[in-house]
Every structure is written in structure tokens, then in C-alpha cells.
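**Student:** Prediction below, plus the sequence it came from.
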Amino acid sequence: MKKYNWSPSTLLVLVIMMSITLFLLNGCWDKGDLVSETIVVDLMEAQKVDATIAVYKGNLNIHGLNQSPLLLSHFSYNLESWVPQINYVVENGIGNLKIIQDNEKDIFTPLVNNWSLLFNKTVPLSLDVIMGSGENHLDLSSINLTDLKAVLGTGDTVVDVTGDYQDDMTINIFGGIGHTTLNLPRDAGIRIWIKGALSKIRCDGFDQINNYYFNSVFNLTEKKIYVTIVIGIGFIDVNLI
């Protein structure tokens, strides 16, 4: 084994360089104390709402609640740049809600970023969700959901769409590298189209025809849910409840 005899001056330079590197890695975060805030978004005159939510690092929880505002939200974070950017406008009876987090790339400092979103349970809601690294729980069973698009990241995610929805619905899920659980209502007609490696998805209780999966009541009920799953390198469990 080759041995290196470092001179004192060389060792000093190495220590200074390492110290500067660590300082830059940590200093770029502009960390502070944990901040907690609650933000209310009024429904105004909207008859239906399109919502886009993007949280790239952190934990996301979504639920429905019997309330007059469109949204009651609670955020806690310890990175100043992660102040959620919220924008809501209503045009011609359609509300357009955006809740966006800056996409910080660094991964060297432990951070806190938790979002809890409580939506009005009666207004029709189209939901577009982008999730990164974190634990996500989307309980959409008590929301008047019209359609869902979910882009998954590296964290584990539970998506519950077992509610008594009024109309047919489309669900599009783009898989990440975590574990995803999708809960669907047993009494609705469900068709799932899967694109990707079939070994990474579990669909117990479905009949398979090529890349399509049908539950037993698909042809016996008028209410339909059409699901498209594009699998990443993670795992997806589909449950009938």
C-alpha cells in the first residue's frame, strides 16, 4: 500500500478547503427557526376548481372537510425559500388554485417541510399533484373529486379515492421510485391501463386482458373510474375497498 507523507502546510490547505466546502454547502440554505403558518383561501364565486400542487421536498397531507372556504392549509418549514407560493383566481365561475414550493436541489442539510391541506368537500375539484421526496397521504375520499393526475417522486405515497363520486372519473398516476398504495372503491366499475414493468404492480381482484385490468363489477355499474398507471422503478399496490 502506498503511503503519503503530507507536509504541515499541505494538511493546513486541505483543512481550509474542507471547511470552506462545508460552509458553502450549509450556508446556501439560509436556515432559520421552524415556521408554522395557517393560510385560508376563500372559495369566492367559483362553481368548480382546478388545483395544482407541487411539493418537491417534504410531506404532503390532503383531506376533505365540511367548510365554507375552499382551503384551510397549514405549513411548517425551516427553510426560508420554502415559503409556499399560493395563487388563486376565479374566472367565469372556475377557480384556479396553485400552491408551489421552490425546487431546491441540495440534499446536505436536514430540513422540515410539512403541508396539510383541507379542501372544501362539496365543490368539484380537479387535482394535479407533483410530489418529490417525502411521505404523502392523499385522502380524497371526502372530496368532490372530478379527476386526478399525480406525479410521484422518491417518497412513499397513499392515494385514497374510495369516495362516493358523482360522475365518471379519470386518474393518471406517473410512478416514481417509492412505494405507492392506491385505494379504489369496490362498488365502482374500474378499468386500469398499465404501462411499464408488470412485476412492480399488484392488482389483486382484477381480471387482466393484455395491459388492461377490470374489476368484477365493471360491466354491471354505470359509475366508472378509468385509471392509467405509468410505472417508474418503484412499487404500486392497488386495493379494492
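**Tutor:** Structure received.

**Student:** Show me what the strand or helix carrying Val158 is packed up against.
**Tutor:** Element membership for Val158 (DSSP states H and E) is strand 157-160. Applying 3 or more C-beta pairs under 8 Å, 6 or more residues apart in numbering; DSSP states H and E, one finds that strand 157-160 contacts strand 136-139, strand 145-151, strand 179-184. In this view, the C-beta of every residue, glycine as well, is placed from N, C-alpha and C.

**Student:** mind putting these in TSV, mean neighbour count included?
**Tutor:** Shown next, in TSV, are those (neighbours: other C-beta atoms under 10 Å):
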stretch	mean neighbour count
strand 136-139	21
strand 145-151	20
strand 179-184	20
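
**Student:** Please tabulate those strands in CSV and include mean pLDDT and distance to Arg191 as additional columns.
**Tutor:** Listed next are the helices and strands packed on strand 157-160 as CSV, based on pLDDT from 0 to 100; distance: least, C-beta to C-beta, whole Å:
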stretch, mean pLDDT, distance to Arg191
strand 136-139, 98, 21
strand 145-151, 97, 15
strand 179-184, 96, 11
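
**Student:** export these to a markdown table and tack on distance to Ile94?
**Tutor:** Formatted as a markdown table, the helices and strands packed on strand 157-160 follow (distance: least, C-beta to C-beta, whole Å):
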| stretch | distance to Ile94 |
| --- | --- |
| strand 136-139 | 22 |
| strand 145-151 | 12 |
| strand 179-184 | 27 |
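
**Student:** Out of these, flag the one nearest Lys224.
**Tutor:** Closest approach to Lys224 among the helices and strands packed on strand 157-160 is made by strand 179-184 (11.5 Å; C-beta to C-beta).

**Student:** which residues are contacting that closest one?
**Tutor:** Contact with strand 179-184 is made by 152, 156-162, 171, 173, 190, 215, 225, 227, 229, 234-241, as judged by C-beta atoms under 8 Å, 6 or more residues apart in numbering.

**Student:** Secondary structure element for Lys98, which one?
**Tutor:** Applying DSSP H and E, one finds Lys98 within strand 94-100.

**Student:** With that, I have no additional questions.
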